[in-house]
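Enquirer: need a structure here:
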Amino acid sequence: DELFFLEKALEAVPAGQPPIELTIATVDEVASGATGLEAMDVVVVANVGQLSEGLAQRLTTHLQAGRGLLFTLGDEVDFETTNRLLGKLLPHPLRGLHLAADPVAGTPPLGIHDLDLDHPILQGFDLALEESLGGSRTARYFNLEVGVGTRARSILRFDNGAPALVEGRMDVGEGRTMLLTTSVDLGLT
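Expert: This next block holds a predicted model:
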């Protein structure tokens, strides 16, 4: 399940803070409007392979309203379809899935090496964050078509320098998009 680990992480709220309200919806529920995005601050699009114009329009409207999107990738994602339907929402277009760990070639999985500790989402964490992310391992991730003219910021990088988490500010509104180039579950490890 793509959201198992994310759901558990969001349950870990510091003492005295209100819980995070989480709604899990299917792509069809979001695209049809059955799930009201208007009240949601952030929408997580986790390893979605079934994309539609309706979904793209609802997510665009969400971003135009100044809200956030988090895209996490995985084995269901077709990068060409994602670029075609959601490309204007992504910080950078996707390229193919890259195999970082190859037992035949003797290359190990990647950890997180370079953290932008000045970014607001990493504020308040100490060295334990860097150590725990550095201890994580990723065998596969999506390459990005990084270029000029985008308003993007790399927040986390893999050991090989490839972007792991990128933030983008889109021209479609005041909202922000985050793109995790790998999965939030064990599917690409």
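Enquirer: Just give the number of residues close to residue 7.
Expert: Residue 7: 15 surrounding residues under other Cβ atoms under 10 Å. C-beta coordinates here come from the backbone N, C-alpha and C atoms, glycine included.
Enquirer: can you check the one 10 residues further on too?
Expert: For residue 17, the neighbour count with other Cβ under 10 Å is 7.
Enquirer: for the helix or strand of the chain with the lowest mean pLDDT, packing partners?
Expert: For the chain, counting by mean pLDDT, DSSP states H and E, helix 127-135 ranks last in confidence among helices and strands (a mean of 77). Packing partners of helix 127-135 (3 or more Cβ pairs under 8 Å, 6 or more residues apart in numbering; DSSP states H and E): strand 112-115.
Enquirer: circling back to that earlier point, just the CA atoms of the least confident helix or strand of the chain, as CSV, please.
Expert: The C-alpha trace of helix 127-135 is given here as CSV (Å, rounded to 0.1, in the frame of the first residue of the first chain):
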residue,chain,number,x,y,z
LEU,A,127,21.3,15.8,13.1
ALA,A,128,19.0,12.8,13.6
LEU,A,129,17.1,13.8,10.5
GLU,A,130,20.2,13.8,8.3
GLU,A,131,21.3,10.5,9.8
SER,A,132,18.0,8.8,9.3
LEU,A,133,17.6,10.0,5.7
GLY,A,134,21.2,9.1,5.0
GLY,A,135,20.4,5.6,6.3
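Enquirer: who's in contact with it?
Expert: 111-113, 115, 117, 122, 156 (Cβ atoms under 8 Å, 6 or more residues apart in numbering).
Enquirer: Could you tell me which of those residues count as buried?
Expert: Among the contacts of helix 127-135, those buried by neighbour count (16 or more other Cβ atoms under 10 Å) are 112-113, 115, 122, 156.
Enquirer: give me the low-pLDDT residue ranges for the chain?
Expert: Residues of the chain that meet the criterion pLDDT under 70 lie in 1, 126, 148-150, 170-173, 189.
Enquirer: Go through it and flag its longest helix.
Expert: Determined from DSSP state H, the single longest helix within the chain is helix 53-64.
Enquirer: Residues contacting stretch 31-48, please?
Expert: 2-3, 6, 23, 25, 27-30, 52, 54-55, 58-59, 61-62, 65, 67-77, 86, 183-185, 187.
Enquirer: farthest pair in the buried ones among the contacts of helix 127-135?
Expert: 113 and 122 (14.1 Å; Cβ to Cβ).
Enquirer: tell me which of the buried ones among the contacts of helix 127-135 is nearest to residue 92?
Expert: residue 156 (14.2 Å).
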